[in-house]
Every structure is written in structure tokens, then in C-alpha cells.
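Participant: no sequence for this one, just the structure:
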């Protein structure tokens, strides 16, 4: 009994020391011999939240505190831009998307902007007072055409540059903590409490709710390159949906590391590597579909929560781009 007590108190002491050193616990994961990521100085304390490119070189980045930056060298450098929006409101620009010269920005509270000239000029679109929830995700569909999803799970479409909006579904899903759109127009969302997720196919009139894969609350969920779902849950769990399309059947949980931080996003790079990002510079890669993982040294050096991973192959082979977005102006650029 005495031996057990001593071991117990020694363990408690070790845990307190680990927490005192910033909450870091040894991950025991190998560190990759090289990293495809390079730090980009944004010269801002705002949080970057989304990036979209018009062509191979020209793109925009948006974020908190009215942040909008423009790059003309494929994201190597960024310059500040200004928008004609009320200065008294501290807008959170959360989503941006382009299709050719046509582009849209969604922001909170209650902000939608439209450009038809590659971002040279932006026009604020009036949304009225009946929109359920705040704008959350916007997708450019074509000239004067876009689809807008809100924090209440409502989905609207405009075909006249935002003069009018038509609801796509009969009933919103309720408050969401995350919402993603797949390449084929399907949506997936996580409830505000993370206790269930819901899907919406292009022809559906209502969201279809699904039970979470375990007792752990869902952090976020999204689509991989072949349209299948992945799920990140509290406790740093990663799961992949059944390859047969059964949305109630998920893989066993993958927990690459236990360092006290949750994963906040997951994405697949153009080479097939799976990246997971999370708190305190957590950035991991798996090159074998999640069977084994390595730490990325550039990510580990970031004193920031890494909140978003974006890969863009829309400009064709050889022009693929990738970015990791983090708090307090953190941006990593992929050069894989």
C-alpha cells in the first residue's frame, strides 16, 4: 500500500510539473525529417479565418477584426486592404470564395459583400432582419450567383447578385458550431453543443440528424477528397466514416497523441497526406491513411492554436496551394 501511495503521489507531481510547463505532455510521436510548411508574416494580431484565390497568384485572406489581406504571389506575401463597412462595428469576416472574377465574403454580424471584378470593388448586400442566424459560409456558384449558409443551419441562394435570396430548405437545423460544404453541394454541420451532427444533400428540403460516433462531443466534421466524412471529437479523437456510405458507422477512434489539446481541423493534401491541427501548435501528418502519424516541426514551433487547414487544387495540377491558419496572425504556407 505504501509503495502504491508513493507511486501515486509521484505521478501527481509529474502531472503538476507538466501542467506548469504550459500543459505539454510528451507525445512520443516521431518528428518528420522535413516539413513542407513555411511561416508567413501577416503583421497582425487578428485571427485569419479563410482564404480564397482567383487564379494561380491572386488571392484574399479574411479574418477577425475586419481583417482582409491581398496576395499577388500565391500567398508568399500579403498586403492589407480596406473595406467600406461601418468602422464602429468590429466585423468578423469568416468566409470568402471566388469563381473567376466573381467573389463573395460572409461576415458577422449580418455582413455579405460581393465583387464582380476580382476584389477591386466590394458591394455590401442588404440582408434585412429576417435572416435566421448569422452568415457563416458562402459559396460562389457563377455570375451574380451564390449560396449562403448561416449559424442557424439555414441555406439561401441568390441568382441576381444578392438583390433577392431564396431559401433552399423548409426548416433550419438549429444552432451550429461548424458547417462545411462538399464539392457536390452537400452540407454537413455540427450542433452547437456537439451532441449530434446533420447532413443535407443538394435535393433535400430538410437536414437529416445523426447520432455522434461516441459519447465524446463532436468538435468538427468535414469531407475528404472522395466525399467521405471525417469527424474530430473531444479527447483528441479522429474517426473516418464507413467507406460504404453508412453515416451511422464509423471507424474506431484514432488518437495519435494525448497532449491535453483537441484537434480543431483535418484536411488531405494533394499528395494524399492527412493533416490534423489543434491547440498549442499541434500539427500532425499521416501518410498511410491514419495508421501512423508524425509531428511537424514547423507547426510545433508555433505558440498558437492552429484552427484551420486549407488545400486548394482548383487552379489545376502544379498550382496546388495549402495553408494552416492559427490565432494571433499565424499563417503557414504549404510548399509540398
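Facilitator: Here it is on my side, so go on. None of the values given here were measured: they were computed from a predicted structure.
Participant: drop to CA atoms for contacts and neighbour counts, all remaining ones
Facilitator: Fine.
Participant: where does residue 83 fall, helix, sheet strand or coil?
Facilitator: Each residue gets one of three states, and residue 83 gets coil by DSSP: H, G, I helix; E, B strand; the rest coil.
Participant: Look up how far residue 328 lies from it.
Facilitator: Separation of residue 83 from residue 328 (C-alpha to C-alpha, to the nearest Å) stands at 21 Å.
Participant: try residue 173
Facilitator: As judged by C-alpha to C-alpha, residue 173 and residue 328 stand 32 Å apart.
Participant: The two - which one has more neighbours?
Facilitator: Per other C-alpha atoms under 10 Å, whichever of residue 173 and residue 328 has more neighbours is residue 173, with 24 against 18.
Participant: Are we agreed that that one is in a strand?
Facilitator: No: judged by three-state DSSP, residue 173 forms no part of a strand; its state is coil.
Participant: Contacts only, for it.
Facilitator: Residue 173 sits next to 152-154, 198, 206-207 when contact means C-alpha atoms under 8 Å, 6 or more residues apart in numbering.
Participant: Can you tell me which of those residues is nearest residue 145?
Facilitator: residue 154 (17.0 Å; C-alpha to C-alpha).
Participant: Would you quantify the distance from the closest one to residue 322?
Facilitator: In terms of C-alpha to C-alpha, residue 154 sits 29 Å off from residue 322.
Participant: gap between the two ends of stretch 177-196?
Facilitator: Terminal residues of stretch 177-196 are spaced 11 Å apart (C-alpha to C-alpha).
Participant: Can you point out the buried residues in it?
Facilitator: Across stretch 177-196, burial judged by 16 or more other C-alpha atoms under 10 Å covers 177-182, 186-192, 194-196.
Participant: Which of these fall in helices?
Facilitator: Nothing among the buried residues of stretch 177-196 maps onto helices, per DSSP state H.
Participant: Just name the closest of those residues to residue 271, please.
Facilitator: The closest of those to residue 271 turns out to be residue 182 (C-alpha to C-alpha; 19.4 Å).
Participant: Apart from its chain neighbours, what residue comes closest to that closest one?
Facilitator: Spatially, and ignoring its direct neighbours in sequence, residue 182 is nearest to residue 223 (6.2 Å; C-alpha to C-alpha, 6 or more residues apart in numbering).
Participant: Next, count neighbours for the one you found.
Facilitator: Burial of residue 223 is recorded as 22 neighbouring residues (other C-alpha under 10 Å).
Participant: which residues does it bridge with?
Facilitator: residue 229 (DSSP bridges).
Participant: can you check residue 197 too?
Facilitator: Beta-bridge partners, per DSSP bridges, of residue 197: residue 190, residue 210.
Participant: How about the contacts made by it?
Facilitator: Shown in contact with residue 197 (C-alpha under 8 Å, 6+ apart): 188-191, 209-212, 218.
Participant: And residue 67, by the same measure?
Facilitator: 46, 48, 61, 80, 92-93 are the contacts of residue 67 under C-alpha under 8 Å, 6+ apart.
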